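Colleague: Build me a structure from this.
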Amino acid sequence: YLLTYYRCCRKDDMTNMAIDQGYGIEVYIPELDVVGENDLPVFSNVPPTFICVGDSFKYDQHAVDNDGDELVYSICETKVAGDPFNMVYFDPTLDIAPATHTFFSNAIWNAGFAASDPLGNGSVSIEQNTGVITGFADQVGKFVVSICVSEYRNGNLLNTVIRDFLVVATEDCPEFTAGE
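Modeller: Predicted coordinates for the structure are as follows:
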């Protein structure tokens, strides 16, 4: 089974992505005899909504897997679907293998940015075994960041969950004093 939902469009004022790119969710559910019973990994923490320009950041974005499968984290491609000019509709009469078909493609990045470099300064990374994301913002803006958690059982990839989120880099950050 392939379940897909997408919308057009993200806000036009993203610093790192081209305008008019949609977003959504796509879930491929294989037959039980393919992977057996499986629960998807679930992210434990809310992603950050803002970061301070000039400060380094560190956020725990780990996931929990009820099956005890091995989880591996990475910064990954932001997926997009549906724009105001090229809406795609599913035709149930088509004979398409769900594992090979998707309505999503990789995002188009503005100059100086990439999926692997969403803040444009080469600083964002994620620890592959813990899901802790770190980086440094050196400019004000609105940035889409995507992290993947890939689920392995007995060395075989079962699934990959992508979380993309918008983070605002601002210079208007509160001052904190130690002990507050």
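
Colleague: Run through who's touching the longest strand anywhere in the chain.
Modeller: In the chain, assigned by DSSP state E, the strand with the most residues is strand 156-170. For strand 156-170, the surrounding residues in contact (CB atoms under 8 Å, 6 or more residues apart in numbering) are 14, 23, 35, 38, 40-41, 43, 47-53, 61, 63, 69, 76-79, 119, 137, 139-152. Every residue, glycine included, has its C-beta placed from N, CA and C.

Colleague: can you do 6 Å?
Modeller: The contact list for strand 156-170 (CB atoms under 6 Å, 6 or more residues apart in numbering) reads 35, 38, 40-41, 43, 47-48, 50-51, 53, 78, 137, 140-151.

Colleague: What pairs with that strand, parallel or antiparallel?
Modeller: Strand pairing for strand 156-170, using DSSP bridges, gives strand 50-52 (parallel), strand 141-153 (antiparallel).

Colleague: just the ones you listed: most buried one?
Modeller: Using mean count of other CB atoms under 10 Å, the stretch among these with the largest mean neighbour count is strand 141-153, at a mean of 20.

Colleague: Isn't V124 up against T134?
Modeller: No - between V124 and T134 there is no contact under CB atoms under 6 Å: 7.5 Å.

Colleague: more neighbours, those two?
Modeller: V124 (21 against 13; other CB atoms under 10 Å).

Colleague: What is the least confident helix or strand in the protein?
Modeller: Ranked by mean pLDDT, DSSP states H and E, the weakest helix or strand in the chain is helix 32-35, scoring a mean of 63.

Colleague: average model confidence for the following helix or strand past that helix?
Modeller: Note on helix 32-35: by DSSP states H and E, the next helix or strand toward the C-terminus is strand 42-43. Across strand 42-43, pLDDT averages out at 92.

Colleague: any idea how far strand 42-43 is from the chain center?
Modeller: Distance of strand 42-43 from its chain centroid, counting by CA atoms, centre = their mean, to the nearest Å, is 12 Å.

Colleague: Give me the contacts around it.
Modeller: Under the contact criterion CB under 6 Å, 6+ apart, strand 42-43 has outside partners 63-64, 163.
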